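**Student:** I'll drop the sequence and a predicted model, then ask my questions.
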Amino acid sequence: MSKIKEKFAELEKKNQKALVSYIMAGFPDEKATISTVRGLVKGGADIIELGFPFSDPLADGPVIQNASTVSLQKGAKINKFFTLVKKIRKETNIPLVLMTYTNILYHKGYSKFIKDAKNAGIDGFILPDMSIEESKEYTHAAKNNADTVFLISPNTTKKRIEKISKASTGFLYLVAVYGTTGIKTGIKNYTLKAIKDVKKQTGGKIPIGVGFGVSTPDDVRKYIDAGADAVIVGSAYLKLIENTPQNKLESKIAAFTKKLKKQTIPK
Ligand SMILES: O=P(O)(O)OC[C@@H](O)[C@@H](O)c1c[nH]c2ccccc12
């Protein structure tokens, strides 16, 4: 069983849901990433989504676009990224999901890239621009090597949800709001309805994660109460990282994570 599947099974036994924390590797530098990961683990994050920067992050709002630019300016390279992942693996066994764009894998070839990522310690992939229609080579290369997390949105048709949920082995990522990533205010009713509809359609076969715009403990609680099996928080972490001196990063990240994690536990 994969580390991601084990994590969901462990949480189910404890009647808890998953907090997935997204950070951009190398933002603002690798030292900050290590401190942030320590804070996430200390604060009780269940899965870390680790971003590798891409020059044209089309699904990302300004906060993550800025983080991508800074990380690329600091010389982000995939082999350095894998070395960083190995460093993280020396400290924690937390499931790690690599979030990047398809081009980054395509260059090296899906099979070679996924094997290198697995050897470094990556457990799964989120490729927001990987369409289900073009995903055969990728899902074949990931089989027995890493979990796949595909995206759906509140207006994805049932037919496509059927196809996409079958190709997803880690969890199904329901994008909460239309548009790009980034801190948003308020929860949309169409998202709460979509969580219920997708859970009903997939019959619990695959955990449903909700992300995009989730930035407060109250947001987490609302999506968990609506039935989400996981909630993903990204831009709110990057804002916190931007505004925290490095010597306070680990404790600040741990404190914020504790508040978010608390909301994934039934009252
Ligand atoms: O940043 P937000 O609004 O909290 O959303 C999570 C998001 O950061 C993370 O899951 C992610 C970062 N880049 C992406 C691109 C597509 C889908 C998801 C993502």
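**Tutor:** Ah, there it is.

**Student:** any idea whether Pro154 is helix, strand or coil?
**Tutor:** What DSSP: H, G, I helix; E, B strand; the rest coil gives for Pro154 is coil.

**Student:** Quick check: the residue nearest to it when sequence neighbours are not counted vs Ile206, distance?
**Tutor:** Nearest residue to Pro154, sequence neighbours excluded (CB to CB, 6 or more residues apart in numbering): Ala194, at 3.8 Å. In short, each C-beta sits where N, CA and C put it, glycine included. Per CB to CB, to the nearest Å, Ala194 is found 15 Å from Ile206.

**Student:** quick one: the helices in the chain?
**Tutor:** 3-13, 30-43, 62-73, 78-89, 102-108, 110-120, 136-142, 158-167, 189-202, 217-225, 235-242, 246-262 (DSSP state H).

**Student:** If you compare the directions of the fourth one and helix 110-120, what angle comes out?
**Tutor:** Put plainly, it is helix 78-89. On the basis of axes from the mean of the first three to the mean of the last three CA atoms, to 10 degrees, helix 78-89 is oriented at 30 degrees to helix 110-120.

**Student:** Which strands and helices lie in contact with helix 78-89?
**Tutor:** Other elements packing on helix 78-89 under the criterion 3 or more CB pairs under 8 Å, 6 or more residues apart in numbering; DSSP states H and E are helix 30-43, strand 96-99, helix 110-120.

**Student:** Please identify the deepest-packed of these.
**Tutor:** Each of the helices and strands packed on helix 78-89 was scored by mean neighbour count; the highest is strand 96-99, a mean of 26, by mean count of other CB atoms under 10 Å.

**Student:** about what we covered before: okay if I get the helices and strands packed on helix 78-89 as JSON lines plus distance to the ligand and mean pLDDT?
**Tutor:** JSON lines is the format used below for the helices and strands packed on helix 78-89 (distance: least, CB to the nearest ligand atom, whole Å; pLDDT from 0 to 100):
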{"stretch": "helix 30-43", "distance to the ligand": "14", "mean pLDDT": "98"}
{"stretch": "strand 96-99", "distance to the ligand": "5", "mean pLDDT": "98"}
{"stretch": "helix 110-120", "distance to the ligand": "17", "mean pLDDT": "98"}
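
**Student:** which one of the ones you listed lies closest to Gly75?
**Tutor:** Of all those, it is helix 30-43 that lies closest to Gly75, at 10.0 Å by CB to CB.

**Student:** and this structure, which of its residues are near the ligand?
**Tutor:** 22, 49, 51, 59-60, 64, 99, 128, 181-182, 211-214, 232-236 (CB under 6 Å from any ligand atom).

**Student:** quick one: low-confidence ranges for the stretch 101-250 of the chain?
**Tutor:** Scanning the stretch 101-250 of the chain for pLDDT under 70 picks out no residues.

**Student:** Could you check the pLDDT of Ala18?
**Tutor:** Per-residue pLDDT puts Ala18 at 98.

**Student:** what bridges to it?
**Tutor:** According to DSSP bridges, the partner residues bridging Ala18 are Ala230.

**Student:** Touching, it and Glu49? I think so.
**Tutor:** No - contact criterion CB atoms under 8 Å: Ala18 and Glu49 do not qualify, at 11.0 Å.

**Student:** ok and the residue in the stretch 101-250 of the chain nearest the ligand?
**Tutor:** Here the stretch 101-250 of the chain gets closest to the ligand at one residue, Gly234, 2.2 Å apart by CB to the nearest ligand atom.

**Student:** residues contacting that residue?
**Tutor:** When contacts are counted by CB atoms under 8 Å, 6 or more residues apart in numbering, Gly234 touches Ser21, Tyr22, Ile23, Glu49, Gly51, Ile64, Thr181, Gly211.
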